[in-house]
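Trainee: Coordinates only, no sequence provided:
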């Protein structure tokens with residue numbers, strides 16, 4: 001199966017010509033693949049793509065290397081790049097939450113801020129089929145109701161007040177890779 005071909009057919013559900021999008025890129029395989037894919041369709045859809053990286057600074061020099069890698073990747077694809085960083089441990093302590101939730105909150109707040117600054121209308125994230133299955137299993141284990149067992153939505157609007165942002169504007173999160181398996185993504189990258 002041609003993963004790019006399948007995704008090219010499916011992307012019509014998520015984007016329109018002329019969209020201004022922020023691609024969340026961590027430097028992991030899924031988000032690297034996402035940036036390659038978006039770059040490959042940018043001319044056809046007249047997309048304005050900005051690669052956004054949030055450095056959680058949780059892994060010392062390795063976190064800085066990830067940021068540098070994503071910056072170089074964006075440059076090699078001719079995609080503009082923005083980044084930010086934050087003290088996740090301090091944020092978690094202040095908000096009485098775990099580091100994973102704190103990192104997520106900080107990352108989403110950054111992505112929303114960049115959307116507003118750049119007048120982008122969509123945040124594109126690289127969650128895939130395996131992530132969705134893992135989410136459903138975790139929700140099942142923790143006793144989620146039927147709504148929680150639905151998995152990761154492929155699209156959703158940011159609501160006012162989410163991620164500490166009072167007025168997010170009209171921003172939609174899209175996840176075009178939910179139909180892709182991790183092994184397909186890794187195979188393409190190899």
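Mentor: Thanks, I have it. The model shown is predicted, which means the values in this text are computed figures rather than measured ones.
Trainee: C-alpha only now, for contacts and for neighbours.
Mentor: Fine.
Trainee: Do me a favour and average the pLDDT over stretch 31-50.
Mentor: Average pLDDT, stretch 31-50: 96.
Trainee: centre of the chain versus that stretch, how much separation?
Mentor: 13 Å (Cα atoms, centre = their mean, to the nearest Å).
Trainee: Name the surrounding residues that touch it.
Mentor: 4, 8, 16-26, 51, 74, 77, 79-82, 125-126, 177, 185, 189 (Cα atoms under 8 Å, 6 or more residues apart in numbering).
Trainee: before we move on, which element is residue 91 in?
Mentor: helix 88-94 (DSSP states H and E).
Trainee: again, but for residue 185
Mentor: helix 182-189.
Trainee: Report the distance from that helix to the chain centre.
Mentor: From the chain centre to the centre of helix 182-189 is a distance of 17 Å (Cα atoms, centre = their mean).
Trainee: Buried residues of that helix, list them for me.
Mentor: The neighbour-count check on helix 182-189 (16 or more other Cα atoms under 10 Å) flags 182, 185 as buried.
Trainee: again, but for stretch 48-59
Mentor: 48-57.
Trainee: so, if you compare those residues, which one comes nearest to residue 88?
Mentor: Nearest to residue 88 among the buried residues of stretch 48-59, counting by Cα to Cα, is residue 56 at 6.2 Å.
Trainee: list the contacts for the closest one?
Mentor: If you count contacts by Cα under 8 Å, 6+ apart, residue 56 has them with 63, 85-88, 103.
Trainee: Buried only: go through these for me.
Mentor: 63, 86, 88, 103.
Trainee: now, which of these sits nearest residue 118?
Mentor: So of the buried ones among the contacts of residue 56, ranked by how close each gets to residue 118 (Cα to Cα), first place is residue 86, at 20.6 Å.
Trainee: Roughly how far does the closest one sit from residue 92?
Mentor: Here residue 86 is placed at a distance of 11 Å from residue 92 (Cα to Cα, to the nearest Å).
Trainee: same check, this time on residue 3
Mentor: In terms of Cα to Cα, residue 3 sits 38 Å off from residue 92.
Trainee: One more: residue 29?
Mentor: Noted for residue 29: a distance of 27 Å to residue 92, by Cα to Cα.
Trainee: Which one's more surrounded, those two?
Mentor: Between residue 29 and residue 92, counted using other Cα atoms under 10 Å, residue 92 has the larger neighbour count: 18 against 15.
Trainee: Kindly indicate whether residue 50 is helix, strand or coil.
Mentor: strand (DSSP: H, G, I helix; E, B strand; the rest coil).
Trainee: Tell me the confidence at the spatially most central residue of the chain?
Mentor: Nearest residue to the geometric centre of the chain (Cα atoms, centre = their mean): residue 125, 2.5 Å. Note for residue 125: predicted pLDDT of 93.
Trainee: Residue 143 now?
Mentor: Looking at residue 143, its pLDDT reads 61.
Trainee: Thanks a lot, see you next time.
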